[in-house]
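Colleague: A predicted structure for the sequence below; I have some questions about it.
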Amino acid sequence: MRPSAEPPTAPDLYDLAVIGAGCAGLSGAVTASELGLSVALLDASPQIGGQFFRHPAPATGAARPEALHHDWSLFTGLRRRLEASAVDLLGGHHVWSVVREGGLWAVHAVTGADGGEERAVRVRARAVLLATGAYERQLPFPGWTLPGVVGAGGAQAMLKSGLVLPGRRVVVAGSGPLLLAVAASLAAAGARVPAVIEASGYLGYARHPYALAANPHKLTEAAVHGGALLRHRVRLRTRTAVTEVHGTDRVEAVTVSRLDRDWRLVPGSGRRIACDALAVGHGLAPQIDLATTLGCATRTTPDRTTALVLDTSQETSVRDLWAAGEPGGVGGARLADVEGELAGLAIAARLRGHPARRGRVRELERRRDRMRAFADAMAAAHAPGTGWPQWLADDTEVCRCEEVTTQSVRAAVTDLGARDARTVKLFTRAGMGWCQGRMCGAAVTCLAAQHGSAEALAEPAPERRPFAVPVPLRALGSLDDPAPAPQTVTTD
Amino acid sequence: MARTPADLVGTRTGPSFEITFGDRPVPARPGQSVAAALWGAGILAWRTTRSGGRPRGAFCGIGQCYDCLATINGQPNRRACLVPAHPGDVVVTQEGHGHASLG
Ligand SMILES: Cc1cc2nc3c(=O)[nH]c(=O)nc-3n(C[C@H](O)[C@H](O)[C@H](O)COP(=O)(O)OP(=O)(O)OC[C@H]3O[C@@H](n4cnc5c(N)ncnc54)[C@H](O)[C@@H]3O)c2cc1C
Ligand code: FES
């Protein structure tokens, strides 16, 4: 890695630009660099590690950052290789667009902690590896906009990087295996977690014994979380959901109700649990807007998120544009690491014109396919049931940014004839706000499609967003200017 | 058993500087985001919505939901979950789009 003291002399043309410095991006970048490619690694965060290995900034003086992680050695291994490599690490670079320019890729970014510095940076490269990870999928319910209701992954992220908790008594709810990890960390960090409220049953896994047996690591992981939850006396309650949050200006309690197999409420089953925060999420959705804007082919995953279609070498349907980790379907840090290496090997083979080492590639492909099969089994078990819209009240806000209620969305569907998220958006502004539909997209798509055919839980249509992050006008204006050389930013 | 997140990771430095939220001093740890410092002081809301005037704070925690927008040192619409806290930072509740008070 280029030492931070060096003046910003990074070239603007690289063999490979990697977007995202989580497991997938780190692994791809160091693999390609070790094979002789010039590599720029860009991440919005000033720190490497992505979501899984999010850790306190060095200034906090944390002596044991690994206390909030398992598998920490996977990260330290990648970090060591990065430090020994010639990769140019560009931290604090928010990539908002990737475009084809005269046979090369141009990667456009704005700099700063929140992209607010408005310094436009352009990096050109012969190949691009998208390793942008995922974001948490949310489904609305009455009271979910009250302060104290936070994303489950968000609570985990704030804990891992900021060493803080949203409350003292935190209910964890939604669906998916991440909830167990979140509950275990919150409890280890001193919160009381009265219950994990899971909408699905965990028995779904039993239908995929092969995928389970082939992934002993996943079983160990489950056992680790299970043990931690037992130790902290956290109850896992399956086939239940938080259907109401109580409080005026912040969370005071939640109502938890039983669900049937389709996630419809069991009448009269509601029970109140006192708490001062709720950490909620319904699985993760691949972060793929940079790719869909370029027209990359997508597929629907078993839990109805949209992921990129990739070939065995991790290349998207667009030539010289690769992806690794969550953009190809959510599957965890180890899968991301393996896919990053596969992509790095394939890109080096393409650009250097000699074949990658077959043995290593075959071994990595085997591991990837095994982990993908497990991820699919897990996704299928936690796919949202069709009955969840029944939890909504008329005045429940579906779109948090534009404050659009269920009633308005339903009116757009029944009175105005909207049948898809895009039309609902035009009528109501749902999905038009700052987050560009990341928080409400899944819900709006369902509500639009469910009318008329109650059973059809819609697949979120691949959205084309012009920019992956909101871009300051000044940065757009500077597009025609000769781009300044990117500045090399150091991490810890 | 660890009682606080800081104990768990063995943090050696205590809260070592202050920022203000409205007229209230809030302790912050070096390296923390503005949102983390506010959570640490039990503050969960620092924005009111444009039409309903409802309180909001950090939701996604990773820069994607824009619910955590705050006015920091006079600048509105900063994502508090991403902006690192610095000694003496002045954070005020952002009302609506945040431009009303800027004249
Ligand atoms: C909020 C959240 C919390 C999570 N917590 C856990 C957990 O506790 N345990 C667990 O097992 N799994 C967790 N996961 C899942 C975990 O993130 C993945 O399994 C793993 O990190 C995948 O690695 P990756 O490299 O594919 O993506 P990530 O680790 O997500 O890395 C993607 C990187 O890309 C960067 N990026 C994205 N878009 C841009 C852009 N436009 N410009 C610049 N940079 C960009 C991001 O800043 C990030 O650093 C969490 C996921 C989320 C979203
Ligand atoms: S909490 Fe979502 S952007 Fe800051």
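Modeller: Alright, I've got the coordinates. Ligands and ions are numbered 1, 2, ... in the order given.
Colleague: for the residue in chain B positioned nearest to ligand 1, what are its contacts?
Modeller: Closest to ligand 1 within chain B is B:Ile62: 4.8 Å, counting by C-beta to the nearest ligand atom. In short, each C-beta sits where N, CA and C put it, glycine included. Applying C-beta atoms under 8 Å, 6 or more residues apart in numbering or on different chains, one finds that B:Ile62 lies in contact with A:Gln51, A:Tyr135, A:Gly153, A:Gly154, A:Ala157, B:Cys81.
Colleague: Is it in a helix, a strand, or coil?
Modeller: Three-state assignment for B:Ile62 (DSSP: H, G, I helix; E, B strand; the rest coil): coil.
Colleague: quick one: it and ligand 2, what's the gap?
Modeller: Shown here: B:Ile62 relative to ligand 2, a distance of 6 Å by C-beta to the nearest ligand atom, to the nearest Å.
Colleague: returning to that earlier point: any idea which of the contacts of B:Ile62 has the most stuff around it?
Modeller: Using other C-beta atoms under 10 Å in any protein chain shown as the neighbour criterion, B:Cys81 leads those with 32 neighbours.
Colleague: Would you check how far apart it and ligand 2 are?
Modeller: 3 Å.
Colleague: What about the residue lying closest to that residue once chain neighbours are set aside, how many residues nearby?
Modeller: Of all residues beyond its chain neighbours, the one nearest B:Cys81 is B:Ala35 (4.2 Å), with distances taken as C-beta to C-beta, 6 or more residues apart in numbering or on different chains. Neighbour count of B:Ala35, defined by other C-beta under 10 Å: 27.
Colleague: now do A:Gly385
Modeller: That count, for A:Gly385 with other C-beta under 10 Å as the rule, works out to 18.
Colleague: Phi first, then psi, for the residue of chain B closest to ligand 1.
Modeller: phi -130, psi 20 (degrees, to the nearest 10).
Colleague: Now do the contacts for the residue nearest to B:Cys81.
Modeller: Shown in contact with B:Ala35 (C-beta under 8 Å, 6+ apart): A:Met158, A:Gly162, B:Gly57, B:Ala58, B:Gly61, B:Cys68, B:Ala70, B:Ala80, B:Cys81.
Colleague: Would you mind putting those into TSV with pLDDT and secondary structure alongside?
Modeller: As requested, these are exported to TSV (pLDDT from 0 to 100; DSSP: H, G, I helix; E, B strand; the rest coil):
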residue	pLDDT	secondary structure
A:Met158	95	helix
A:Gly162	91	helix
B:Gly57	96	coil
B:Ala58	97	coil
B:Gly61	95	coil
B:Cys68	96	coil
B:Ala70	94	strand
B:Ala80	96	coil
B:Cys81	96	coil
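Colleague: Using CSV, please lay out the residues you listed together with distance to A:Thr255.
Modeller: Below are the contacts of B:Ala35 laid out as CSV (distance: C-beta to C-beta, whole Å):
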residue, distance to A:Thr255
A:Met158, 25
A:Gly162, 29
B:Gly57, 22
B:Ala58, 24
B:Gly61, 24
B:Cys68, 26
B:Ala70, 31
B:Ala80, 30
B:Cys81, 28
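Colleague: Quick check: pLDDT value at residue 88.
Modeller: Going with chain A. Model confidence at A:Asp88, given as pLDDT, is 97.
Colleague: Chain B was what I was after
Modeller: 95.
Colleague: if I look at it, how far off is B:Phe21?
Modeller: B:Gly88 is 13 Å from B:Phe21, where distance means C-beta to C-beta, to the nearest Å.
Colleague: who's more crowded, those two?
Modeller: B:Phe21 (19 against 10).
Colleague: Apart from its neighbours in sequence, what residue is nearest that one?
Modeller: B:Val91 (4.9 Å).
Colleague: Kindly report the same for A:Ala228.
Modeller: Spatial nearest neighbour of A:Ala228, chain neighbours left out: A:Ala184 (3.9 Å); criterion: C-beta to C-beta, 6+ apart.
Colleague: what helix or strand does that neighbour sit in?
Modeller: helix A:178-188 (DSSP states H and E).
Colleague: buried residues in that helix?
Modeller: A:Leu178, A:Leu179, A:Leu180, A:Ala181, A:Val182, A:Ala183, A:Ala184, A:Ser185, A:Leu186, A:Ala187, A:Ala188 (16 or more other C-beta atoms under 10 Å in any protein chain shown).
Colleague: you'd agree the third one is up against A:Leu229?
Modeller: Yes. Judged on C-beta atoms under 8 Å, A:Leu180 makes contact with A:Leu229 at a distance of 6.7 Å.
Colleague: now what about stretch A:443-452, what contacts it?
Modeller: A:138-140, A:384, A:386, A:388-389, A:398-399, A:406, A:409-410, A:412-414, A:418-421, A:423-425, A:430-431, A:437, A:456-461.
Colleague: Show me what from chain B comes close to ligand 2.
Modeller: B:Ala58, B:Phe59, B:Cys60, B:Gly61, B:Gly63, B:Gln64, B:Cys65, B:Tyr66, B:Asp67, B:Cys68, B:Arg79, B:Cys81 (C-beta under 6 Å from any ligand atom).
Colleague: Within reach of ligand 1, which of the contacts of B:Ile62 are there?
Modeller: A:Gln51, A:Tyr135, A:Gly153, A:Gly154, A:Ala157.
Colleague: between those residues, which is nearest chain B?
Modeller: Comparing the ones next to ligand 1 among the contacts of B:Ile62 against chain B with C-beta to the nearest C-beta picks out A:Gly154 as the nearest, at 3.0 Å.
Colleague: where does A:Arg80 fall, helix, sheet strand or coil?
Modeller: helix.
Colleague: separation between it and A:Trp391?
Modeller: 47 Å.
Colleague: out of these two, which sits in the busier spot?
Modeller: A:Trp391 (23 against 11).
Colleague: Got phi/psi on that one?
Modeller: According to degrees, to the nearest 10, A:Trp391 has phi -70, psi -20.
Colleague: Give me the distance between it and ligand 1.
Modeller: Taking C-beta to the nearest ligand atom, one finds A:Trp391 at 23 Å from ligand 1.
Colleague: Wait, that residue touches A:Leu265, no?
Modeller: Yes. Taking contacts as C-beta under 8 Å, A:Trp391 lies within contact range of A:Leu265: 6.6 Å.
Colleague: hey, what's in contact with both of those two?
Modeller: With C-beta under 8 Å, 6+ apart as the test, A:Trp391 and A:Leu265 both reach A:Ala241, A:Thr243.
Colleague: Return the per-residue confidence for residue 8.
Modeller: I went with chain A, as the question did not name one. Reported pLDDT for A:Pro8: 47.
Colleague: could you do chain B instead?
Modeller: Confidence score, pLDDT, at B:Leu8: 80.
Colleague: Hmm, A:Ala189 and it touching each other?
Modeller: Yes. If you go by C-beta under 8 Å, B:Leu8 and A:Ala189 touch, sitting 5.2 Å apart.
Colleague: near ligand 1 at all, the lengthiest strand in chain A?
Modeller: Ranked by residue count, the top strand of chain A under DSSP state E comes out as strand A:120-130. No. Shown here: strand A:120-130 not in contact with ligand 1 (C-beta under 6 Å from any ligand atom), separated by at least 8.5 Å.
Colleague: In the sheet, which strands lie alongside that strand, parallel or antiparallel?
Modeller: Partner strands and pairing direction for strand A:120-130 (DSSP bridges) are strand A:13-19 (parallel), strand A:104-111 (antiparallel), strand A:321-323 (parallel).
Colleague: outside of the shortest one, which residues touch it?
Modeller: Same thing as strand A:321-323. By C-beta under 8 Å, 6+ apart, strand A:321-323 touches A:28, A:98, A:105, A:127-131, A:288, A:291, A:294, A:296, A:308, A:310, A:313-316, A:343, A:346-347.
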